[in-house]
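Visitor: Structure here, sequence nowhere to be found:
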DNA sequence: TCTGGGGTCCTAGGACCC
DNA sequence: TCTGGGGTCCTAGGACCC
(Lines give C-alpha, C1' and ligand atoms only; values in the text may rest on other atoms or scores of the structure.)
Protein backbone atom coordinates (compact mmCIF):
# COMPACT_ATOMS: atom_id res chain seq x y z
CA UNK A 1 0.00 0.00 0.00
CA UNK A 2 1.12 3.49 -0.78
CA UNK A 3 2.01 5.95 1.96
CA UNK A 4 0.29 9.31 2.01
CA UNK A 5 0.47 12.35 4.26
CA UNK A 6 -2.47 13.80 6.09
CA UNK A 7 -2.08 17.33 7.36
CA UNK A 8 -4.39 18.02 10.27
CA UNK A 9 -4.73 21.75 10.82
CA UNK A 10 -6.77 23.25 13.66
CA UNK A 11 -9.14 25.95 12.46
CA UNK A 12 -8.44 29.38 13.97
CA UNK A 13 -6.77 27.49 16.78
CA UNK A 14 -6.49 30.11 19.55
CA UNK A 15 -10.00 31.39 18.95
CA UNK A 16 -11.31 27.82 18.96
CA UNK A 17 -9.53 27.15 22.27
CA UNK A 18 -11.27 30.12 23.87
CA UNK A 19 -14.59 28.75 22.67
CA UNK A 20 -14.19 25.27 24.11
CA UNK A 21 -14.89 26.36 27.68
CA UNK A 22 -16.96 29.42 26.88
CA UNK A 23 -19.82 28.42 24.59
CA UNK A 24 -21.28 31.93 24.64
CA UNK A 25 -18.45 32.84 22.25
CA UNK A 26 -19.65 30.48 19.55
CA UNK A 27 -21.90 32.98 17.87
CA UNK A 28 -19.60 35.98 18.36
CA UNK A 29 -16.50 37.09 16.49
CA UNK A 30 -13.39 36.25 18.55
CA UNK A 31 -9.90 37.72 18.25
CA UNK A 32 -6.73 36.94 20.18
CA UNK A 33 -4.00 39.48 20.80
CA UNK A 34 -0.25 38.97 20.79
CA UNK A 35 1.84 39.24 23.91
CA UNK A 36 1.47 42.67 25.42
CA UNK A 37 -2.00 42.94 23.87
CA UNK A 38 -0.38 44.44 20.78
CA UNK A 39 -1.45 42.84 17.52
CA UNK A 40 -4.12 40.49 16.29
CA UNK A 41 -2.66 36.98 16.11
CA UNK A 42 -5.79 34.89 15.66
CA UNK A 43 -9.33 35.47 14.44
CA UNK A 44 -12.46 33.38 14.34
CA UNK A 45 -14.18 33.01 10.97
CA UNK A 46 -16.64 35.75 11.95
CA UNK A 47 -13.82 38.13 12.80
CA UNK A 48 -12.17 37.44 9.46
CA UNK A 49 -15.47 38.11 7.75
CA UNK A 50 -15.63 41.52 9.46
CA UNK A 51 -12.41 42.38 7.67
CA UNK A 52 -10.17 42.44 10.75
CA UNK A 53 -6.73 41.83 9.26
CA UNK A 54 -4.14 39.45 10.68
CA UNK A 55 -1.22 41.11 12.53
CA UNK A 56 -2.85 44.50 12.63
CA UNK A 57 -2.28 46.51 15.82
CA UNK A 58 -5.37 46.13 17.94
CA UNK A 59 -5.93 49.84 18.51
CA UNK A 60 -6.40 50.26 14.76
CA UNK A 61 -9.30 47.83 14.57
CA UNK A 62 -10.72 48.35 18.02
CA UNK A 63 -13.68 50.46 16.93
CA UNK A 64 -14.66 47.95 14.26
CA UNK A 65 -14.33 45.06 16.68
CA UNK A 66 -16.40 46.73 19.37
CA UNK A 67 -19.14 47.69 16.93
CA UNK A 68 -19.67 44.01 16.19
CA UNK A 69 -19.55 42.77 19.76
CA UNK A 70 -16.24 41.02 19.24
CA UNK A 71 -14.77 39.05 22.14
CA UNK A 72 -11.13 40.04 22.60
CA UNK A 73 -8.56 37.98 24.51
CA UNK A 74 -4.94 38.25 25.54
CA UNK A 75 -2.91 35.21 24.45
CA UNK A 76 -3.38 32.37 26.90
CA UNK A 77 -0.54 30.07 25.86
CA UNK A 78 -0.99 27.86 28.89
CA UNK A 79 -4.45 26.96 27.67
CA UNK A 80 -3.48 26.64 24.00
CA UNK A 81 -0.48 24.43 24.72
CA UNK A 82 -2.57 22.10 26.85
CA UNK A 83 -5.36 21.78 24.28
CA UNK A 84 -2.72 21.22 21.61
CA UNK A 85 -1.40 18.23 23.57
CA UNK A 86 -4.90 16.82 23.73
CA UNK A 87 -5.42 17.19 19.99
CA UNK A 88 -2.07 15.51 19.24
CA UNK A 89 -2.93 12.64 21.56
CA UNK A 90 -6.18 12.02 19.70
CA UNK A 91 -4.22 11.99 16.43
CA UNK A 92 -1.89 9.34 17.88
CA UNK A 93 -4.88 7.05 18.26
CA UNK A 94 -4.95 6.82 14.44
CA UNK A 95 -1.23 6.22 13.88
CA UNK A 96 1.95 6.44 15.94
CA UNK A 97 3.45 8.27 12.97
CA UNK A 98 2.43 11.79 14.04
CA UNK A 99 4.83 14.57 13.15
CA UNK A 100 3.85 17.57 15.26
CA UNK A 101 4.71 20.52 13.09
CA UNK A 102 3.45 23.39 15.23
CA UNK A 103 1.08 24.10 18.08
CA UNK A 104 -1.92 23.65 15.77
CA UNK A 105 -0.73 21.35 12.98
CA UNK A 106 0.53 17.82 12.55
CA UNK A 107 1.39 15.54 9.64
CA UNK A 108 0.15 11.96 9.90
CA UNK A 109 1.72 9.28 7.78
CA UNK A 110 -1.03 6.89 6.60
CA UNK A 111 -1.34 3.94 4.25
CA UNK A 112 -3.60 4.69 1.34
CA UNK A 113 -6.52 2.33 1.31
CA UNK A 114 -8.90 3.45 -1.40
CA UNK A 115 -10.52 6.84 -1.06
CA UNK A 116 -9.09 8.47 2.07
CA UNK A 117 -11.89 11.01 2.47
CA UNK A 118 -13.66 8.69 4.93
CA UNK A 119 -10.65 8.26 7.20
CA UNK A 120 -10.05 12.00 6.98
CA UNK A 121 -13.58 12.71 8.16
CA UNK A 122 -13.14 10.20 10.97
CA UNK A 123 -10.07 12.08 12.19
CA UNK A 124 -11.86 15.39 12.05
CA UNK A 125 -14.91 14.11 13.91
CA UNK A 126 -12.98 12.35 16.64
CA UNK A 127 -10.77 15.36 17.34
CA UNK A 128 -13.84 17.56 17.62
CA UNK A 129 -15.74 15.16 19.83
CA UNK A 130 -12.84 14.57 22.20
CA UNK A 131 -11.37 18.07 22.40
CA UNK A 132 -13.89 20.55 21.03
CA UNK A 133 -11.40 21.79 18.45
CA UNK A 134 -12.48 21.92 14.78
CA UNK A 135 -9.83 20.84 12.26
CA UNK A 136 -9.29 20.59 8.52
CA UNK A 137 -7.59 17.62 6.92
CA UNK A 138 -5.61 17.60 3.68
CA UNK A 139 -4.36 14.30 2.24
CA UNK A 140 -1.77 13.95 -0.54
CA UNK A 141 1.42 12.18 -1.50
CA UNK A 142 3.74 15.00 -0.35
CA UNK A 143 3.60 17.32 2.63
CA UNK A 144 3.42 20.45 0.53
CA UNK A 145 0.48 19.03 -1.43
CA UNK A 146 -1.19 17.99 1.84
CA UNK A 147 -0.87 21.59 3.05
CA UNK A 148 -2.39 22.77 -0.20
CA UNK A 149 -5.22 20.25 0.17
CA UNK A 150 -6.04 21.48 3.67
CA UNK A 151 -5.95 25.05 2.38
CA UNK A 152 -8.51 24.17 -0.30
CA UNK A 153 -10.64 22.11 2.07
CA UNK A 154 -10.94 25.04 4.45
CA UNK A 155 -12.30 27.32 1.77
CA UNK A 156 -14.69 24.97 -0.02
CA UNK A 157 -17.67 24.28 2.19
CA UNK A 158 -18.75 21.31 0.03
CA UNK A 159 -15.66 19.43 1.18
CA UNK A 160 -16.67 19.49 4.85
CA UNK A 161 -13.10 20.29 5.86
CA UNK A 162 -11.51 17.23 4.27
CA UNK A 163 -9.81 16.85 0.89
CA UNK A 164 -8.00 13.74 -0.35
CA UNK A 165 -6.08 14.80 -3.44
CA UNK A 166 -4.93 11.24 -4.07
CA UNK A 167 -8.43 10.13 -4.95
CA UNK A 168 -9.58 13.11 -6.99
CA UNK A 169 -9.49 13.05 -10.77
CA UNK A 170 -9.44 16.85 -10.71
CA UNK A 171 -6.51 17.09 -8.27
CA UNK A 172 -4.29 19.02 -10.70
CA UNK A 173 -7.00 21.57 -11.42
CA UNK A 174 -7.73 22.07 -7.74
CA UNK A 175 -4.08 22.75 -6.92
CA UNK A 176 -3.21 24.78 -9.99
CA UNK A 177 -5.41 27.71 -9.01
CA UNK A 178 -3.64 28.35 -5.71
CA UNK A 179 -1.86 31.69 -5.63
CA UNK A 180 1.90 31.40 -5.19
CA UNK A 181 1.74 33.38 -1.96
CA UNK A 182 -0.50 30.68 -0.50
CA UNK A 183 1.94 27.86 -1.24
CA UNK A 184 3.73 26.54 1.82
CA UNK A 185 7.34 27.70 1.54
CA UNK A 186 6.71 30.78 -0.57
CA UNK A 187 6.64 33.97 1.46
CA UNK A 188 6.09 37.59 0.48
CA UNK A 189 9.58 38.12 -0.98
CA UNK A 190 9.53 35.11 -3.31
CA UNK A 191 5.90 35.74 -4.21
CA UNK A 192 6.85 39.26 -5.36
CA UNK A 193 9.78 37.89 -7.33
CA UNK A 194 7.57 35.25 -8.98
CA UNK A 195 4.85 37.76 -9.77
CA UNK A 196 7.31 40.06 -11.46
CA UNK A 197 8.41 37.08 -13.57
CA UNK A 198 4.76 36.62 -14.58
CA UNK A 199 4.12 33.65 -12.28
CA UNK A 200 0.95 33.96 -10.22
CA UNK A 201 -0.43 30.51 -9.46
CA UNK A 202 0.75 27.01 -8.63
CA UNK A 203 0.29 25.72 -12.17
CA UNK A 204 2.66 28.35 -13.53
CA UNK A 205 5.13 27.77 -10.71
CA UNK A 206 5.19 24.02 -11.35
CA UNK A 207 6.04 24.61 -15.02
CA UNK A 208 8.99 26.92 -14.26
CA UNK A 209 12.48 25.78 -15.26
CA UNK A 210 13.95 24.14 -12.12
CA UNK A 211 17.28 25.84 -12.82
CA UNK A 212 15.57 29.22 -12.65
CA UNK A 213 13.83 28.22 -9.43
CA UNK A 214 17.08 27.11 -7.84
CA UNK A 215 18.94 30.23 -8.95
CA UNK A 216 16.29 32.58 -7.67
CA UNK A 217 14.83 30.72 -4.68
CA UNK A 218 17.72 28.49 -3.55
CA UNK A 219 17.43 24.78 -2.94
CA UNK A 220 14.48 25.42 -0.63
CA UNK A 221 12.38 26.77 -3.48
CA UNK A 222 13.38 23.85 -5.67
CA UNK A 223 12.17 21.43 -3.02
CA UNK A 224 8.84 23.21 -2.84
CA UNK A 225 8.49 22.89 -6.59
CA UNK A 226 9.36 19.16 -6.56
CA UNK A 227 6.89 18.57 -3.74
CA UNK A 228 4.15 20.22 -5.76
CA UNK A 229 5.08 17.96 -8.66
CA UNK A 230 4.43 15.00 -6.37
CA UNK A 231 8.02 14.15 -5.46
CA UNK A 232 8.35 13.98 -1.70
CA UNK A 233 11.59 15.59 -0.54
CA UNK A 234 10.98 17.10 2.90
CA UNK A 235 12.29 15.29 5.94
CA UNK A 236 9.97 14.48 8.79
CA UNK A 237 10.80 15.87 12.20
CA UNK A 238 9.50 12.94 14.20
CA UNK A 239 11.81 13.57 17.12
CA UNK A 240 11.51 17.13 18.32
CA UNK A 241 14.97 18.41 17.61
CA UNK A 242 16.95 20.06 20.31
CA UNK A 243 16.95 23.78 19.76
CA UNK A 244 20.13 25.30 18.42
CA UNK A 245 19.27 28.65 19.89
CA UNK A 246 16.91 29.66 22.67
CA UNK A 247 15.48 33.17 22.73
CA UNK A 248 13.53 34.87 25.48
CA UNK A 249 12.41 38.38 24.77
CA UNK A 250 9.44 40.59 25.41
CA UNK A 251 8.22 44.05 24.70
CA UNK A 252 7.55 45.90 27.93
CA UNK A 253 4.11 46.84 29.16
CA UNK A 254 5.32 50.44 29.24
CA UNK A 255 8.43 52.40 28.30
CA UNK A 256 11.44 51.71 30.51
CA UNK A 257 14.16 54.27 31.17
CA UNK A 258 16.29 53.17 34.07
CA UNK A 259 18.96 50.51 34.15
CA UNK A 260 17.39 48.99 37.24
CA UNK A 261 14.22 47.88 35.47
CA UNK A 262 16.12 46.66 32.43
CA UNK A 263 18.24 44.55 34.75
CA UNK A 264 15.13 42.99 36.22
CA UNK A 265 13.72 42.22 32.79
CA UNK A 266 16.96 40.74 31.41
CA UNK A 267 17.40 38.71 34.58
CA UNK A 268 13.87 37.36 34.26
CA UNK A 269 14.39 36.43 30.60
CA UNK A 270 17.74 34.83 31.45
CA UNK A 271 16.00 32.72 34.05
CA UNK A 272 13.35 31.58 31.58
CA UNK A 273 15.85 30.77 28.85
CA UNK A 274 17.99 28.76 31.26
CA UNK A 275 14.91 26.75 32.24
CA UNK A 276 14.16 26.01 28.59
CA UNK A 277 17.79 25.01 28.12
CA UNK A 278 17.69 22.55 31.02
CA UNK A 279 14.45 21.08 29.76
CA UNK A 280 16.25 19.95 26.61
CA UNK A 281 19.27 18.87 28.67
CA UNK A 282 21.53 21.33 26.97
CA UNK A 283 24.37 23.62 27.89
CA UNK A 284 24.92 26.97 26.23
CA UNK A 285 28.29 28.48 25.47
CA UNK A 286 27.28 31.86 24.08
CA UNK A 287 25.02 34.45 25.71
CA UNK A 288 23.67 37.37 23.68
CA UNK A 289 21.70 40.27 25.13
CA UNK A 290 19.83 42.88 23.13
CA UNK A 291 17.84 45.99 24.03
CA UNK A 292 15.94 48.41 21.83
CA UNK A 293 13.76 51.49 21.82
CA UNK A 294 10.31 51.58 20.24
CA UNK A 295 10.86 51.74 16.50
CA UNK A 296 7.31 52.91 15.90
CA UNK A 297 7.78 56.00 18.00
CA UNK A 298 9.23 59.30 16.97
CA UNK A 299 11.69 59.37 19.88
CA UNK A 300 15.49 58.95 19.95
CA UNK A 301 16.32 55.45 18.76
CA UNK A 302 18.89 53.02 20.06
CA UNK A 303 19.23 49.29 19.55
CA UNK A 304 22.22 47.06 20.00
CA UNK A 305 23.33 43.64 21.11
CA UNK A 306 26.41 42.15 22.72
CA UNK A 307 27.56 38.56 23.11
CA UNK A 308 29.84 36.83 25.51
CA UNK A 309 31.34 33.38 25.47
CA UNK A 310 30.99 31.53 28.77
CA UNK A 311 34.24 30.05 30.09
CA UNK A 312 32.46 26.71 30.12
CA UNK A 313 29.12 25.74 28.59
CA UNK A 314 26.47 26.02 31.28
CA UNK A 315 22.79 25.75 32.04
CA UNK A 316 23.07 27.25 35.49
CA UNK A 317 20.69 30.18 35.95
CA UNK A 318 22.95 32.35 38.16
CA UNK A 319 25.87 31.90 35.75
CA UNK A 320 23.72 32.98 32.82
CA UNK A 321 22.10 35.85 34.74
CA UNK A 322 25.49 37.18 35.81
CA UNK A 323 26.82 37.07 32.28
CA UNK A 324 23.66 38.66 30.85
CA UNK A 325 23.66 41.51 33.36
CA UNK A 326 27.33 42.26 32.66
CA UNK A 327 26.48 42.51 28.95
CA UNK A 328 23.45 44.68 29.66
CA UNK A 329 25.49 47.17 31.69
CA UNK A 330 27.86 47.57 28.76
CA UNK A 331 24.97 47.98 26.33
CA UNK A 332 22.92 50.43 28.35
CA UNK A 333 22.83 54.09 27.32
CA UNK A 334 21.11 56.64 29.49
CA UNK A 335 18.28 58.83 28.27
CA UNK A 336 16.43 56.42 25.99
CA UNK A 337 12.94 55.00 26.37
CA UNK A 338 13.42 51.27 26.00
CA UNK A 339 10.65 49.14 24.68
CA UNK A 340 12.06 45.64 24.51
CA UNK A 341 14.91 43.50 25.73
CA UNK A 342 15.91 39.92 25.21
CA UNK A 343 18.47 37.21 25.59
CA UNK A 344 19.63 34.48 23.26
CA UNK A 345 21.48 31.34 24.29
CA UNK A 346 23.43 29.63 21.52
CA UNK A 347 26.36 27.35 20.94
CA UNK A 348 24.19 24.71 22.57
CA UNK A 349 25.66 21.30 23.26
CA UNK A 350 24.25 18.29 25.06
CA UNK A 351 25.00 18.02 28.74
CA UNK A 352 27.85 15.54 28.91
CA UNK A 353 29.28 16.48 25.49
CA UNK A 354 30.64 19.80 26.68
CA UNK A 355 34.29 20.70 26.52
CA UNK A 356 35.44 21.28 30.08
CA UNK A 357 37.70 24.13 31.02
CA UNK A 358 40.66 23.21 33.15
CA UNK A 359 41.04 26.76 34.41
CA UNK A 360 37.38 27.32 35.17
CA UNK A 361 37.04 29.18 38.47
CA UNK A 362 34.92 27.08 40.78
CA UNK A 363 32.60 29.97 41.66
CA UNK A 364 31.58 30.26 37.98
CA UNK A 365 30.67 26.62 37.67
CA UNK A 366 27.25 26.71 39.29
CA UNK A 367 25.42 23.81 40.81
CA UNK A 368 23.31 21.42 38.82
CA UNK A 369 21.77 20.02 42.00
CA UNK A 370 20.40 23.42 43.00
CA UNK A 371 19.00 23.85 39.48
CA UNK A 372 17.34 20.44 39.62
CA UNK A 373 15.74 21.35 42.92
CA UNK A 374 14.48 24.71 41.61
CA UNK A 375 13.03 23.10 38.48
CA UNK A 376 11.39 20.39 40.54
CA UNK A 377 9.71 22.87 42.88
CA UNK A 378 8.50 25.04 40.02
CA UNK A 379 7.12 22.06 38.14
CA UNK A 380 5.30 20.83 41.18
CA UNK A 381 3.96 24.09 42.59
CA UNK A 382 3.80 26.23 39.48
CA UNK A 383 6.14 28.44 37.49
CA UNK A 384 7.52 31.31 39.53
CA UNK A 385 7.22 29.61 42.92
CA UNK A 386 10.99 29.96 43.23
CA UNK A 387 12.60 32.82 41.37
CA UNK A 388 15.71 34.96 41.42
CA UNK A 389 15.46 38.24 43.28
CA UNK A 390 17.40 40.01 40.51
CA UNK A 391 14.26 39.62 38.40
CA UNK A 392 12.39 41.98 40.72
CA UNK A 393 9.12 41.44 42.53
CA UNK A 394 6.63 44.02 41.30
CA UNK A 395 7.90 43.99 37.71
CA UNK A 396 6.11 47.15 36.58
CA UNK A 397 7.61 46.66 33.12
CA UNK A 398 6.01 43.26 32.54
CA UNK A 399 3.71 42.74 29.62
CA UNK A 400 0.09 43.70 29.52
CA UNK A 401 -2.43 40.89 29.46
CA UNK A 402 -5.58 42.69 30.36
CA UNK A 403 -8.02 40.33 28.69
CA UNK A 404 -6.71 36.97 29.78
CA UNK A 405 -9.11 34.04 29.98
CA UNK A 406 -8.82 31.46 32.77
CA UNK A 407 -6.36 28.56 32.59
CA UNK A 408 -9.35 26.22 32.42
CA UNK A 409 -7.34 23.02 32.25
CA UNK A 410 -4.13 23.70 34.18
CA UNK A 411 -4.98 25.62 37.34
CA UNK A 412 -7.18 24.25 40.07
CA UNK A 413 -8.97 27.53 40.79
CA UNK A 414 -9.81 27.95 37.09
CA UNK A 415 -11.33 24.55 36.41
CA UNK A 416 -14.95 25.08 35.34
CA UNK A 417 -17.61 23.97 37.79
CA UNK A 418 -20.75 22.26 36.65
CA UNK A 419 -23.80 22.71 38.87
CA UNK A 420 -26.70 20.37 38.44
C1' DT B 1 52.93 40.42 -19.00
C1' DC B 2 52.34 37.87 -15.11
C1' DT B 3 49.21 37.08 -9.37
C1' DG B 4 47.22 29.00 -7.47
C1' DG B 5 44.04 25.74 -5.92
C1' DG B 6 41.36 23.66 -2.75
C1' DG B 7 39.45 23.36 1.45
C1' DT B 8 37.05 24.58 6.21
C1' DC B 9 34.84 27.45 9.42
C1' DC B 10 32.33 31.36 10.84
C1' DT B 11 29.13 35.19 10.46
C1' DA B 12 25.70 38.22 8.66
C1' DG B 13 21.83 38.67 6.21
C1' DG B 14 17.83 37.09 3.94
C1' DA B 15 14.27 34.00 3.31
C1' DC B 16 10.77 31.11 5.38
C1' DC B 17 7.45 29.00 9.09
C1' DC B 18 3.75 29.30 12.92
C1' DT C 1 -1.90 55.09 25.34
C1' DC C 2 -1.62 51.07 22.09
C1' DT C 3 2.57 47.86 16.59
C1' DG C 4 4.45 39.84 19.15
C1' DG C 5 7.65 36.04 19.97
C1' DG C 6 10.37 32.16 18.76
C1' DG C 7 12.34 29.43 15.66
C1' DT C 8 14.82 27.11 11.04
C1' DC C 9 17.54 26.85 6.82
C1' DC C 10 20.43 28.64 3.02
C1' DT C 11 23.97 31.51 0.79
C1' DA C 12 27.69 34.66 0.14
C1' DG C 13 31.76 36.29 1.55
C1' DG C 14 35.72 36.80 4.56
C1' DA C 15 39.37 34.69 7.33
C1' DC C 16 42.31 31.26 7.55
C1' DC C 17 44.86 26.89 6.46
C1' DC C 18 48.16 24.13 3.61
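Guide: It's in. No experiment lies behind these values; they were computed from the predicted model shown. Residues are numbered from 1 along each chain as shown, chains lettered A, B, ... in the order given.
Visitor: residues touching residue A:123, list them.
Guide: Contacts for residue A:123 (Cβ atoms under 8 Å, 6 or more residues apart in numbering) come out as A:6, A:8, A:91, A:94, A:108, A:135, A:137. To be clear about C-beta, it is placed using only N, CA and C from the backbone, and glycine gets the same treatment.
Visitor: possible to save these as CSV with pLDDT?
Guide: What follows is the contacts of residue A:123, written out as CSV (pLDDT from 0 to 100):
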residue, pLDDT
A:6, 97
A:8, 98
A:91, 98
A:94, 97
A:108, 96
A:135, 98
A:137, 98
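Visitor: Can you add distance to DNA strand C and neighbour count and give the residues you listed back as a markdown table?
Guide: Below are the contacts of residue A:123 laid out as a markdown table (distance: Cβ to the nearest atom of the strand, whole Å; neighbours: other Cβ atoms under 10 Å):
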| residue | distance to DNA strand C | neighbour count |
| --- | --- | --- |
| A:6 | 22 | 27 |
| A:8 | 19 | 28 |
| A:91 | 21 | 23 |
| A:94 | 26 | 17 |
| A:108 | 21 | 23 |
| A:135 | 20 | 30 |
| A:137 | 23 | 29 |
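Visitor: Quick check: buried residues in stretch A:287-304?
Guide: Judged by neighbour count (16 or more other Cβ atoms under 10 Å), stretch A:287-304 contains these buried residues: A:287, A:288, A:289, A:290, A:291, A:292, A:293, A:294.
Visitor: Count the neighbours of the closest residue to residue A:280 other than its chain neighbours for me.
Guide: Among residues not flanking residue A:280 along the chain, residue A:242 sits closest, at 4.9 Å (Cβ to Cβ, 6 or more residues apart in numbering). Neighbourhood size, residue A:242 [other Cβ atoms under 10 Å]: 13.
Visitor: Likewise for residue A:121?
Guide: Residue A:121 has 16 neighbours, counted by other Cβ under 10 Å.
Visitor: quick one: contacts for it?
Guide: By Cβ under 8 Å, 6+ apart, residue A:121 lies in contact with A:137, A:160, A:162.
Visitor: can you tell me which of those are in strands?
Guide: Applying DSSP state E to those, the entries found in strands are A:137, A:162.
Visitor: Could I get the phi/psi values of the closest residue to residue A:354 other than its chain neighbours?
Guide: Nearest in space to residue A:354, with sequence neighbours left out and distances taken as Cβ to Cβ, 6+ apart, is residue A:313 at 4.2 Å. Note on residue A:313: its backbone torsions stand at phi -50, psi 140 [degrees, to the nearest 10].
Visitor: residues in contact with residue A:313?
Guide: By Cβ under 8 Å, 6+ apart, residue A:313 lies in contact with A:283, A:284, A:285, A:347, A:348, A:349, A:354, A:355.
Visitor: Around DNA strand B, pick out the residues from the stretch 151-300 of chain A.
Guide: Within reach of DNA strand B by Cβ under 7 Å from any atom of the strand, the stretch 151-300 of chain A has these residues: A:183, A:184, A:185, A:186, A:187, A:188, A:189, A:190, A:191.
Visitor: the strands in chain A, which residues?
Guide: Applying DSSP E to chain A gives strands spanning A:3-10, A:30-33, A:40-43, A:71-74, A:98-102, A:105-111, A:135-140, A:162-164, A:246-256, A:282-293, A:303-314, A:338-346, A:349-350.
Visitor: how about residue A:402, what does it touch?
Guide: Counting by Cβ under 8 Å, 6+ apart, residue A:402 touches A:37, A:74.
Visitor: pLDDT value on it, please?
Guide: pLDDT, residue A:402: 92.
Visitor: How about the one 3 residues further on?
Guide: Per-residue confidence for residue A:405 comes out at a pLDDT of 94.
Visitor: That one: what's it in contact with?
Guide: Counting by Cβ under 8 Å, 6+ apart, residue A:405 touches A:18, A:21, A:22, A:73, A:74, A:76, A:79.
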